[in-house]
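In: sequence first, predicted model second:
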Amino acid sequence: MSSNDTPIGAHPDMLGGIPDPEDTDYFVAPYDDGVSFDELPDSAPKERFRLSLTGWIGAIIVTFWVLIALFGSWIAPWGENDLPFPDDYSEFQTPREGAWLGTDVEDRDILSRIVYGAGRTIGISFAATVLAYVIGVILGIGAAVSGPKVDMVMSRINDAFLSLPTIMLGLVVVAAIGSSIPVLICTAGLIYATVVFRLARALGQEIMVMDFVEAAKARGEGRWWIITREIWPNAAMPLITDFGLRLIYVILFISSLSFLGLGVQPPQADWGSMVRENLGALQYGESIIPVLAPAFAIATLTVAINLVVDDVSAQAGGRLSKRL
Amino acid sequence: MTGLILRRLGIGLITVLAVSIIIFFGTKILPGDAAQIRLGQQATPENVAAFREKLGLDKPYWQQYLGWLSNFLRGDLGISLSSDVPITQLIADRYKNTVIVSCLTALIGVPISLMLGIMAAMFPGSLYDRVLTFISVSLVAAPEFFTATLLVLLFVFALDIGNAVVVGSTEGKGFFELISHFALPIATLSFVIASQLIRMSRAAVLNVMSSPYIEMAILKGVPRSRIIFRHALLNAIGPIVNVVALNLAYLVTGVIVVEVYFAYPGLATLIVQGVQSRDFVLIQGLGMIFCLTYVILMLIADIAAFASNPRLRHPK
């Protein structure tokens, strides 16, 4: 039989004819050539990541905003509260030389405030998400490995918080202790820790009972080996993609609070509070840029993160986070 | 089945109790004293003490909590600290406004987005599907006020219809006048829930479409439209009701930002004012209303999810 003629009804794998012996993908049989257990790979094969076009666009936009956030104070043409035209007192000036996006309600340069606001919005959100992860993962894994009673109590308390609209919780906390950047970070961190808790607990429970973990235990591997070589490779992708998603929600949450006047307080620039400050421009029909520019900045950032996350989770780890 | 629903209702009740505890004690740690705030700075300590006794603030916290809860259940939300008016009177008119906008959003936004989502699931991978998916993915991640700004840009600045701020009362206005009055908030909220609904309803139908009995129908040669409407959709109804309830619950959050954006005289603008003026009686009452709505919708979502799933309905 020549390699080109395919028998009718052959297995789909055989449709291309008999596989080429040079093509090593076909020949990974562990039973030949005396491969012993010592030579088995000790970690999952490295997965290659290929971002799609939209993924690349997202990644470039995110990188752009991160660079702005890090080096904003050097790039900004004006200071956060500087007046580019000190002699001209009219608010909401249209874009012109010296203020490429025009000026805001207090005659400050909108472009500079967006650059400064990038650092604050992204910094607060990132810190809050990291905090949510530290709390959520520690408690979630803790609940997964501890006894059923502890687990139930922790999960019930968590569910009570999960069943509240996040923005209401934020409102109550801010009403109670006032708004400052540390309060914002802690509030958002604690609120979103509830979601991370659920994910980490489910992941922990799921992986701990997997056959390969049992097998590793039976082989006599140490606890550290099991955590780093068996559990982490399986938990990493869902956690990383979820981190991206959570970051989006935290950015939206912080911006919404700021927009309601309960987040970052003036005169500090933050994208959400910029929308609020300049809402007058829209309501009196003067100009749309003062409102559109910060809103657009938030949208580009969150949509870009979403594009990257979608792309990554389509390739790995999407399974679990979709189910939760 | 009934047992399951009863159990779920029980859990819902416990959640509501937990929520009330969180809200009550959350606002209790506020600095300042209700009696002091109501009477102002000039009040003598004796007056304040007498007033505290009248308000029941001298009792232990748990008695205050029980009193507050039973008042709430009887529809008495207390008296506002900042304006000395009963909360029920403050919210009466605004409640109507918020309900109008939410219901109209649900009536307009839900059918349209369900239709779009199901159509996307009918032709997966088509240009229509990909464009719709891209738009909804983008809108899901964008903040509500970005969507609102785009709509204002389109309708107010480019087309010159509608207004960017909702002013005046709704009294004595005809139905169509009312709709043009509320058009932008409703459109914004519709977009906000549509972005979620389209994705989730598409996923729900596609999930059913990938099951073996649909494959069987395809192999039998059943026409595509018949497969969708007679075979797939009936089994997708449960997940879709679940998705709709979840998104209406989400509307509770969305409505806060959108109301403030359009300066809409609804409950949400009231609660933001309450937070700014530290009127915690108002925050407690409104917070409970918002959270109750949210919990009830989540409950409906849960019940729909297992009422539609025979495997959950008849556990082995």
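Out: Sure, I can see it. Residues are numbered from 1 along each chain as shown, chains lettered A, B, ... in the order given.

In: neighbours of B:Val131, how many?
Out: 11 (other C-beta atoms under 10 Å in any protein chain shown). Yep, even glycine has a C-beta here, placed from its N, CA and C like the rest.

In: who touches the host helix or strand of it?
Out: B:Val131 is part of helix B:127-141 when elements are defined by DSSP states H and E. Contacts of helix B:127-141 with the rest of the structure, by C-beta atoms under 8 Å, 6 or more residues apart in numbering or on different chains, involve A:54, A:248, A:252, A:299, A:302-303, A:305-307, A:310, B:116, B:119-120, B:123, B:147, B:191-192, B:194-196, B:198-199, B:202.

In: mind listing what's buried in that helix?
Out: Of the residues in helix B:127-141, B:129, B:132-133, B:136-141 count as buried by neighbour count, 16 or more other C-beta atoms under 10 Å in any protein chain shown.

In: after that helix, which helix or strand is next?
Out: According to DSSP H and E, the helix or strand after helix B:127-141 is helix B:144-152.

In: who are the contact partners of residue 60?
Out: Reading this off chain A. A:Ala304.

In: wrong chain, I was asking about chain B
Out: Residues counted as contacts of B:Pro60 (C-beta under 8 Å, 6+ apart): none.

In: now B:Gly12
Out: Listed by C-beta under 8 Å, 6+ apart, the contact set of B:Gly12 reads B:295-296, B:298-299.

In: host element of residue 197?
Out: This is for chain A. helix A:181-208.

In: chain B, not that one
Out: helix B:175-209.

In: now do that helix against helix B:127-141, angle only.
Out: Going by axes from the mean of the first three to the mean of the last three C-alpha atoms, to 10 degrees, helix B:175-209 is angled at 110 degrees with respect to helix B:127-141.

In: can you name every helix or strand that helix B:175-209 contacts?
Out: Helix B:175-209 sits against helix B:87-122, helix B:127-141, helix B:144-152, helix B:233-261, with contacts defined as 3 or more C-beta pairs under 8 Å, 6 or more residues apart in numbering or on different chains; DSSP states H and E.

In: roughly how far does A:Pro165 sit from chain B?
Out: 5 Å (C-beta to the nearest C-beta, to the nearest Å).

In: quick check: which ranges of the chain have low pLDDT?
Out: Just going to use chain A. Residues of chain A that meet the criterion pLDDT under 70 lie in A:1-49, A:89, A:285, A:315-324.

In: not quite, I wanted chain B
Out: Within chain B, the ranges that satisfy pLDDT under 70 run B:1, B:29-41, B:54-56, B:160-180, B:311-316.

In: at 90 instead, please
Out: Residue ranges of chain B with pLDDT under 90: B:1-110, B:114-115, B:117-145, B:147-189, B:191-219, B:221-316.

In: near chain B, which residues of the stretch 151-300 of chain A are found?
Out: Residues of the stretch 151-300 of chain A lying close to chain B (C-beta under 8 Å from any C-beta of the partner chain) are A:159-161, A:163-169, A:171-177, A:248, A:252, A:255-256, A:259-262, A:272, A:275, A:279, A:282-283, A:285, A:288, A:291-292, A:295-296, A:298-299.

In: find the nearest non-adjacent residue to the residue nearest the centre of chain B, please.
Out: Centrality entry for chain B: nearest residue to the mean C-alpha point is B:Val252, 2.1 Å, by C-alpha atoms, centre = their mean. Leaving aside its sequence neighbours, B:Val252 sits nearest to B:Tyr294 (C-beta to C-beta, 6 or more residues apart in numbering or on different chains; 4.9 Å).

In: so how far is A:Ser125 from that neighbour?
Out: According to C-beta to C-beta, to the nearest Å, B:Tyr294 stands 24 Å off from A:Ser125.

In: out of the residues of the stretch 151-300 of chain A next to chain B, which are buried?
Out: Buried by 16+ other C-beta under 10 Å: A:160-161, A:163-169, A:171-176, A:248, A:252, A:255-256, A:259-262, A:272, A:275, A:279, A:282-283, A:288, A:291-292, A:295-296, A:298-299, out of these.

In: could I get the phi/psi values of B:Asp279?
Out: With angles defined as degrees, to the nearest 10, B:Asp279 sits at phi -90, psi 90.

In: so it sits against B:Ser82, correct?
Out: Yes - in this structure, B:Asp279 is within contact of B:Ser82 by C-beta atoms under 8 Å, at 4.4 Å.

In: picking that back up, which one of B:Tyr294 and A:Ser125 has more residues nearby?
Out: A direct count of neighbours by other C-beta under 10 Å for B:Tyr294 and A:Ser125 places A:Ser125 higher, at 25 against 22.

In: re earlier: the residue nearest to B:Val252 is in what secondary structure piece?
Out: Using DSSP H and E, the element containing B:Tyr294 is helix B:280-307.

In: do a quick rundown of the helices in chain A.
Out: A:53-75, A:110-145, A:148-162, A:166-177, A:181-208, A:211-219, A:223-225, A:232-259, A:271-277, A:279-283, A:289-315, A:318-323 (DSSP state H).

In: I am finished for the moment; much appreciated.
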